[in-house]
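Asks: this is the structure alone, sequence omitted:
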């Protein structure tokens, strides 16, 4: 027995293996038999039977792709960028030659995510149409829409036309896929290239033509350039060769490897030029850990897709496990490698599972094909599945199209661009990237406030790595170290507090905060005299609050000197441009105004009745104060007083 036949085949597999270039029998083949009398009526019916699927199939696919494209492109500019989107779009703008953004973005990933393939594609669009957030998202939406066609091609290669249409439909209406297709992230591009690579592998499996294996190597190299996790395609190939016991000629292996290396050459050149920085970034980011339960990804999919779609995916897995068809081998290995890696990888994120969704749709479509084939039960079952699918998808599609998790950041950035000096620095709550929204939209120096392990690119291109910390403890340097330094130097003049959901009240009124980082940021605002200057509202709810710093120290500080009976006081950290009153032992003796940095200099004579225990207190209009004591009466006054008392 041929080792390749050791995996059980279903009738569809067997039929398609006999003649790979032969068209698949249509659903109306039973009506194509010749008429009993041999007249031309039977020929006409056969011709009509052949034409009907040829017309309906492409029409159905066009409708499916149209629906999927509409969901992905509809109203892409509804909400502005979130942090990672701003980073990738900013890098693309730098590649497109936008010099003013070179101050804020570097052409290297701070984590272990990418080699700038997506950014290079977006930069080509920027050179043609100009820099915009919609254009960056449109590139991702285009790749996601093309993935629908690629999934259809895979299913058409491995299965039947019916399965191919169902698989394409499931992917087209996948709410999880739609959400990520509408964001300027790397995942839609990665998923498209992974799917193209799997199509090449499927075609090679069916035809044994080496050219498809070379194309697989090229597509894998491009997937790695989109996101480094694309390298998981190589274990998929290795697992397939191991399970199917396929042997490859040495020449085929060499040419496939050569294709892989040729298409990977941009990465190899980048590594040769920046190997030290890349290794440093990779080693640091690989230590990032998400403390979430093992059920994080199942819960995520249920929340994003709904129970109906997830149950359909689960049915596809069960049917594949029971059937053990050779045709299911590639989707199953695809799923096991990617999902297994992400489940074991300690860092979790909501976008990581996207490359696995096409495989889930393929297996689910195979399960749907197993519905009863007799007319009445088949129609009833198909209608039931369709109704459940529509009911289960509709609500989650609405949420996907109206997701406003990060609404307010763009509006806050644009307000600052119009209402603050060009050299105004801004700091915002961040997991490591949100500050770049202000760099992209407002061209402002921006800094994060939060706990994360990512390196931070300071304005001007300087890279600051997170400080070392005990294993498992997230560094606190962007909570405790950098914010006071930047505020007290005057580098940061505005603080932006934002909420990723409309469920919290205005932070000016709500005493409860969701996290310790939010609480610390509010304390920072209070310590440096943050004055609310603008609130961004989304659907009549506050979502971003912009504060202007009014002093450069947590508390005012004063020094003094005495000479020739005059006290000279220097002060720092008072409210900027605020009047400051000087009292000595509860009596006002002077009044001065702090400058634009909250500093002041004031002189006054030593009080005639000065005593060392008495205090000089300087208080600004906002109630911030500083004090000192130790003043004594002038020597001449003391001697004169004693002489008088002695004489009296």
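Replies: Thanks, I have it. Bear in mind the structure is a predicted one, so any value in this text is a computation, not a measurement.
Asks: okay, buried residues for stretch 532-539 please.
Replies: Neighbour counts over stretch 532-539 (16 or more other CB atoms under 10 Å) mark 534-536 as buried. In short, each C-beta sits where N, CA and C put it, glycine included.
Asks: return the subset of those residues lying in strands.
Replies: 534-536 (DSSP state E).
Asks: I'd like the residues you listed as JSON lines, with distance to residue 483 appended.
Replies: Below are those laid out as JSON lines (distance: CB to CB, whole Å):
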{"residue": "534", "distance to residue 483": "21"}
{"residue": "535", "distance to residue 483": "22"}
{"residue": "536", "distance to residue 483": "22"}
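Asks: residue nearest the centroid of the chain?
Replies: The chain has residue 84 as the residue nearest its centroid, 4.5 Å off, counting by CA atoms, centre = their mean.
Asks: now that residue 548 has come up, it's in contact with residue 496, right?
Replies: No. The criterion here is CB atoms under 8 Å, and residue 548 misses it with residue 496 at 10.6 Å.
Asks: between these two, which contacts overlap?
Replies: The contact sets of residue 548 and residue 496 do not overlap (CB atoms under 8 Å, 6 or more residues apart in numbering).
Asks: which of those two has more neighbours?
Replies: Between residue 548 and residue 496, counted using other CB atoms under 10 Å, the more crowded position is residue 496 (29 against 18).
Asks: just give the nearest non-adjacent residue to that one, would you?
Replies: Among residues not flanking residue 496 along the chain, residue 428 sits closest, at 4.0 Å (CB to CB, 6 or more residues apart in numbering).
Asks: how far off centre is the host helix or strand of that neighbour?
Replies: Taking DSSP states H and E as the criterion, residue 428 maps to strand 426-429. Relative to the chain's own centre, strand 426-429 is displaced by 18 Å; criterion: CA atoms, centre = their mean, to the nearest Å.
Asks: what pairs with that strand, and is each one parallel or antiparallel?
Replies: According to DSSP bridges, strand 426-429 has the following sheet partners: strand 446-449 (parallel), strand 494-498 (parallel).
Asks: just so I know, which of these lies nearest residue 295?
Replies: When the strands paired with strand 426-429 are compared by CB to CB, strand 494-498 sits nearest residue 295, at 29.0 Å.
Asks: can you check the pLDDT for the residue nearest to residue 496?
Replies: Note on residue 428: pLDDT of 95.
Asks: wait, doesn't it sit right on residue 483?
Replies: No. Assessed by CB under 8 Å, residue 428 is found out of contact with residue 483, at 11.0 Å.
Asks: common neighbours of these two, please.
Replies: Joint contacts of residue 428 and residue 483 (CB under 8 Å, 6+ apart) are 447, 449.
Asks: what stretches of the stretch 101-250 of the chain score poorly on pLDDT?
Replies: Residues of the stretch 101-250 of the chain that meet the criterion pLDDT under 70 lie in 111-113.
Asks: for residue 562, grab the count of nearby residues.
Replies: Count around residue 562 with other CB under 10 Å applied: 14.
Asks: which stretches of the stretch 401-550 of the chain form strands?
Replies: Using DSSP state E, counting those that start in this stretch, the strands of the stretch 401-550 of the chain run over 426-429, 446-449, 456-457, 463-464, 494-498, 531-538, 541-548.
Asks: same check on the chain?
Replies: Using DSSP E, strands in the chain cover 426-429, 446-449, 456-457, 463-464, 494-498, 531-538, 541-548, 557-563, 566-572, 579-584, 587-593, 600-605, 615-620, 625-629.
Asks: nearest to residue 103, of those strands?
Replies: Per CB to CB, nearest to residue 103 of the strands of the chain: strand 456-457, 9.7 Å.
Asks: just checking, what packs against that closest one?
Replies: In terms of contacts (3 or more CB pairs under 8 Å, 6 or more residues apart in numbering; DSSP states H and E), strand 456-457 is packed against strand 463-464.
Asks: change it to 6 Å
Replies: Under the contact criterion of 3 or more CB pairs under 6 Å, 6 or more residues apart in numbering; DSSP states H and E, strand 456-457 touches no helix or strand at all.
Asks: now that strand: mean pLDDT?
Replies: Strand 456-457 comes out at a mean pLDDT of 89.
Asks: what are the pairing partners of that strand, and which direction each?
Replies: Strand 456-457 has these strand partners (DSSP bridges): strand 463-464 (antiparallel).
Asks: shaky segments in this protein?
Replies: For the chain, the ranges with pLDDT under 70 are 1-54, 111-113, 275, 277-278, 280-287, 371-388, 391, 471-472, 501-514, 634-648.
Asks: any idea which of the strands of the stretch 401-550 of the chain gets closest to residue 57?
Replies: strand 531-538 (44.0 Å).
Asks: counting by contacts, list what the closest one packs against.
Replies: So strand 531-538, by 3+ CB pairs under 6 Å, 6+ apart, packs with helix 409-419, strand 541-548.
Asks: which strand residues bridge the nearest residue to residue 625 once chain neighbours are set aside?
Replies: Sequence neighbours aside, residue 619 is the residue nearest to residue 625 in space, at 4.2 Å (criterion: CB to CB, 6+ apart). Per DSSP bridges, the residues bridged to residue 619 are residue 581, residue 625.
Asks: rewinding a little: any chance of the strands of the chain in a markdown table, plus distance to residue 368?
Replies: A markdown table is the format used below for the strands of the chain (distance: least, CB to CB, whole Å):
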| stretch | distance to residue 368 |
| --- | --- |
| strand 426-429 | 45 |
| strand 446-449 | 47 |
| strand 456-457 | 48 |
| strand 463-464 | 50 |
| strand 494-498 | 43 |
| strand 531-538 | 40 |
| strand 541-548 | 41 |
| strand 557-563 | 73 |
| strand 566-572 | 72 |
| strand 579-584 | 76 |
| strand 587-593 | 76 |
| strand 600-605 | 77 |
| strand 615-620 | 72 |
| strand 625-629 | 74 |
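Asks: nearest to residue 242, out of these?
Replies: strand 463-464 (41.7 Å).
Asks: what residues does that closest one touch?
Replies: 455-458 (CB atoms under 6 Å, 6 or more residues apart in numbering).
Asks: thought residue 296 was touching residue 348?
Replies: Yes. With contact defined as CB atoms under 6 Å, residue 296 reaches residue 348; the gap is 5.3 Å.
Asks: circling back to that earlier point, out of the helices and strands packed on strand 531-538, which one sits most buried?
Replies: strand 541-548 (a mean of 22; mean count of other CB atoms under 10 Å).
Asks: wait, what's in contact with residue 550?
Replies: Here residue 550 is in contact with 529, 531, 575-576 (CB under 6 Å, 6+ apart).
Asks: let's go with 8 Å and repeat that
Replies: If you count contacts by CB under 8 Å, 6+ apart, then residue 550 has 528-531, 575-576, 578, 598, 622 around it.
Asks: in JSON lines, list the residues you listed along with neighbour count and distance to residue 408.
Replies: JSON lines is the format used below for those (neighbours: other CB atoms under 10 Å; distance: CB to CB, whole Å):
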{"residue": "528", "neighbour count": "25", "distance to residue 408": "22"}
{"residue": "529", "neighbour count": "24", "distance to residue 408": "23"}
{"residue": "530", "neighbour count": "22", "distance to residue 408": "17"}
{"residue": "531", "neighbour count": "14", "distance to residue 408": "19"}
{"residue": "575", "neighbour count": "21", "distance to residue 408": "28"}
{"residue": "576", "neighbour count": "21", "distance to residue 408": "26"}
{"residue": "578", "neighbour count": "19", "distance to residue 408": "30"}
{"residue": "598", "neighbour count": "26", "distance to residue 408": "29"}
{"residue": "622", "neighbour count": "13", "distance to residue 408": "27"}
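Asks: where helices are concerned, which of the residues you listed count?
Replies: When the contacts of residue 550 are checked against helices using DSSP state H, none is located there.
Asks: relative to residue 441, which of the residues you listed is nearest.
Replies: residue 530 (21.5 Å).
Asks: including distance to residue 327, could the strands of the stretch 401-550 of the chain go into a markdown table?
Replies: Converted to a markdown table, these look like this (distance: least, CB to CB, whole Å):
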| stretch | distance to residue 327 |
| --- | --- |
| strand 426-429 | 49 |
| strand 446-449 | 49 |
| strand 456-457 | 48 |
| strand 463-464 | 49 |
| strand 494-498 | 49 |
| strand 531-538 | 48 |
| strand 541-548 | 49 |
